[in-house]
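Trainee: Okay, predicted coordinates and the sequence, questions at the end:
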Amino acid sequence: MQAPFANSMLTSLITVNDNTWFMDYGDTHHMTPDLNCLSNPTPFQGTEQPPVAGDEASHEMEVKKEEKPSKRSSFWVWVTASVIFRLILVYFHKNLNLSSRPEVSTPLTSIRRLAEGYWLKQSSMSPYAGSMYHGSPLLLSLLGPLTVQRIQGQPNHLLCSLLFVLADVVSAVLIRATGQKLQTAYSQSLKLLELDNLFRSSEILSSGDVASLVYLWNPFTIVACVGLSTSPIENLVIILSLYGACTRLPSLAAFGWVVATHLSLYPAILIVPLIFLLGYGLDAPPRKLFVQRRHGKGGDNPSSGSSCQQEELLNQSKPPLTFSWKPVMHFLFWASVWSVYVLALCSLSVKQKGGLWEMFKSTYGFILTVEDLSPNMGVLWYFFAEVFDFFRNFFLVVFHMNIVFMILPLAIRLNHRPCFLAFVYIMISSMLKSYPSVGDSALCLGLFGLFIFELADMQFSFFLFCGYVGVSLLSPVMHNLWIWRGTGNANFYYATAMAFACFQIVLVVQSTSAMLNHDRKLRKLSVTKP
């Protein structure tokens, strides 16, 4: 290397074969390689003047600016296509007969039961007088009028279908925004650990785009929407609560959480990841890695310009290492406000029709006691159809406590990844809830797409994909053999429900293991990083 060039620069940036080396002045033999260069470092050869880093950075920025509009346009093309596809299926709703499928409509999400409850309410009777409706009175007031309105020449319940399509689109947009927040925060965290080359954004779509499109084009989401299930509304408020927590809006997060809990009870456990999101921030590597990195930087030579810059960056933009109580207190305050508001509206709605106690008994009590044993995609209906009444209460406690017992250990282990913790909680509740449907699995698979980069090394992915496809095809066949043809029995259909639960267990176990392995990988690389 020529002497004039060496004396003119304090630090030279040398790029060879896409491998980056940082060389400090005064020590031409000590080079700190980029992480990807450790496997096959290639030293700079020749006496040519190296390329200027600023020119390359500006060129990359120009390329990214050109790619962003194309990515954005392609995303909205897919969204528009999904809406058109749903509208086409809505017009063939009678031929598909999805609203009567036990995989789509449950006693809590069926639009037919909601229409029955609205008819009872309009007849000056309690909507819970019969054994049909067991949902929220607020949902009854919102969707009930749409079930009786007809547009001449149009399919029945068209207005409800349009509302569900809109709910799916809004949910997808919120998932996309949440994914963008997660991706930006996680890339910044890796930069602080100097491991940013591990995180490479997709050249086609980001994780938020992938997750939102997976949610929109998931067959489970489509059949739940076209089958007139209220699952799209429940999924929307759950996603809204996560989005509010990710954007540090306690009032919005509290609203989504209160409404979701009011509609289906099980989202109550999401208060733990929501508090972690507001207190600690978005998903990041384990916090002790930042502490170790900061102490490691403090032991370096303070005269080094690069060390000072890294230390300043670490101090300015480091993720919170301590819990912030202020947004959490705001969340609890708004949760109390929204809860009082929702209960007041419910009290006015059922004031002369049994009151709040009747509502609690017919909604939450119906969920906890598993009174309706009609077939569904869950594992409880057949079990409680066979178990003796003497043991019924015991097994009810056992099944519901399975969800509660998993809250604390998972919260301790995954407190640095609250969004992923929320995904695990939703996945577990969708397996063990009293009346699950494909809409619950659609939400889980949509949130799963938010972590495609961290879970890239997950095992049994192809096995899970084939399993979901196989169960989705076999379930209607077994139900037809049992109910309509009479050539089978309940064991045929229950076998598909058990297989579906097993695949869900494999998915949640493998995804959690892959995420923990990803954290271990970051820990090893952070320790070996000079």
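Mentor: Happy to help now that I have it.
Trainee: what about residue 144, is that helix, strand or coil?
Mentor: Reducing the assignment at residue 144 to three states with DSSP: H, G, I helix; E, B strand; the rest coil gives helix.
Trainee: Now do the contacts for it.
Mentor: When the contact criterion is CB atoms under 8 Å, 6 or more residues apart in numbering, the partners of residue 144 are 114, 115, 117, 118, 121. Quick note: C-beta positions are derived from backbone N, CA and C, even for glycine.
Trainee: Which helix or which strand is home to the spatially most central residue of the chain?
Mentor: For the chain, the residue sitting closest to the mean C-alpha position, by CA atoms, centre = their mean, is residue 447 at 2.5 Å. With elements delineated by DSSP states H and E, residue 447 resides in helix 438-448, which encompasses its position.
Trainee: Show me what that helix is packed up against.
Mentor: The helices and strands touching helix 438-448, judged by 3 or more CB pairs under 8 Å, 6 or more residues apart in numbering; DSSP states H and E, are helix 158-192, helix 207-217, helix 219-226, helix 231-246, helix 418-432, helix 490-528.
Trainee: How much space separates the closest residue to the residue nearest to the centre of the chain other than its chain neighbours from residue 516?
Mentor: Nearest non-adjacent residue to residue 447, counting by CB to CB, 6 or more residues apart in numbering: residue 423, 4.5 Å away. Taking CB to CB, to the nearest Å as the measure, residue 423 falls 14 Å from residue 516.
Trainee: quick revisit: surely the residue nearest to the centre of the chain is in contact with residue 425?
Mentor: No. Counting by CB atoms under 8 Å, no contact exists between residue 447 and residue 425, whose distance comes to 10.4 Å.
Trainee: out of everything not next to it in sequence, what's closest to residue 170?
Mentor: Closest residue in space to residue 170, ignoring its immediate chain neighbours: residue 236 at 6.1 Å, by CB to CB, 6+ apart.
Trainee: do the same with residue 446
Mentor: If you skip the residues right next to it in sequence, residue 446 has residue 215 as its closest partner in space, 3.1 Å away by CB to CB, 6+ apart.
Trainee: Tell me how far that neighbour lies from residue 91.
Mentor: Spatial separation of residue 215 from residue 91 under the definition CB to CB is 23 Å.
Trainee: Pick out whichever of those two has more residues nearby.
Mentor: For the pair residue 215 and residue 91, the greater number of neighbours falls to residue 215 (26 against 13), based on other CB atoms under 10 Å.
Trainee: residues contacting the residue nearest to residue 447?
Mentor: Contacts were defined as CB under 8 Å, 6+ apart; by that measure residue 423 touches 444, 447, 448, 450, 451, 511.
Trainee: Poorly predicted segments of the stretch 101-250 of the chain, please.
Mentor: For the stretch 101-250 of the chain, the stretches with pLDDT under 70 are 150-153, 155-156, 195-205.
Trainee: mind running it again at 50?
Mentor: Low-confidence regions of the stretch 101-250 of the chain, defined here as pLDDT under 50, cover residues 202-203.
Trainee: what's the answer for the stretch 351-500 of the chain, then?
Mentor: Low-confidence segments of the stretch 351-500 of the chain, defined by pLDDT under 50, are absent.
Trainee: let's see it at 80
Mentor: Per-residue confidence of the stretch 351-500 of the chain (counting by pLDDT under 80) places the weak regions at 352-354.
Trainee: Show me where it has its helices.
Mentor: In the stretch 351-500 of the chain, the segments counted as helices under DSSP state H, counting those that start in this stretch are 355-362, 364-369, 380-386, 392-405, 407-413, 418-432, 438-448, 461-479, 490-528.
Trainee: helices or strands next to the fifth one in the packing?
Mentor: Spelled out, that is helix 407-413. Helices and strands in packing contact with helix 407-413 are listed as helix 271-280, helix 418-432; criterion 3+ CB pairs under 8 Å, 6+ apart.
Trainee: Next, the buried residues of it.
Mentor: For helix 407-413, burial by neighbour count (16 or more other CB atoms under 10 Å) applies to 410, 411.
Trainee: what does the fourth one give?
Mentor: Along helix 392-405, the positions that meet the burial threshold by neighbour count (16+ other CB under 10 Å) are 396, 399, 400, 403.
Trainee: re the thing from before, in a markdown table: the helices of the stretch 351-500 of the chain, plus distance to residue 341.
Mentor: What follows is these, written out as a markdown table (distance: least, CB to CB, whole Å):
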| stretch | distance to residue 341 |
| --- | --- |
| helix 355-362 | 14 |
| helix 364-369 | 18 |
| helix 380-386 | 33 |
| helix 392-405 | 27 |
| helix 407-413 | 27 |
| helix 418-432 | 24 |
| helix 438-448 | 25 |
| helix 461-479 | 39 |
| helix 490-528 | 34 |
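Trainee: Tell me which of those helices sits most buried.
Mentor: Compared across the helices of the stretch 351-500 of the chain, helix 438-448 shows the largest average neighbour count, a mean of 25 (mean count of other CB atoms under 10 Å).
Trainee: Adding neighbour count, secondary structure and distance to residue 221, write the contacts of residue 144 out as TSV.
Mentor: Compiled in TSV, the contacts of residue 144 are given as follows (neighbours: other CB atoms under 10 Å; DSSP: H, G, I helix; E, B strand; the rest coil; distance: CB to CB, whole Å):
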residue	neighbour count	secondary structure	distance to residue 221
114	27	helix	20
115	22	helix	23
117	27	helix	25
118	20	helix	25
121	21	helix	30
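Trainee: Redo the helices and strands packed on helix 407-413 as TSV? Include distance to residue 347.
Mentor: Below are the helices and strands packed on helix 407-413 laid out as TSV (distance: least, CB to CB, whole Å):
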stretch	distance to residue 347
helix 271-280	23
helix 418-432	27
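Trainee: Spatially nearest residue to residue 241 (excluding sequence neighbours)?
Mentor: Of all residues beyond its chain neighbours, the one nearest residue 241 is residue 256 (2.9 Å), with distances taken as CB to CB, 6+ apart.
Trainee: So that neighbour is in contact with residue 235, correct?
Mentor: No. In this structure, residue 256 is not within contact of residue 235 by CB under 8 Å, at 10.9 Å.
Trainee: returning to that earlier point: so which of the buried residues of helix 392-405 comes closest to residue 333?
Mentor: Nearest to residue 333 out of the buried residues of helix 392-405 is residue 403 (CB to CB; 26.8 Å).
Trainee: Good, wrapping up.
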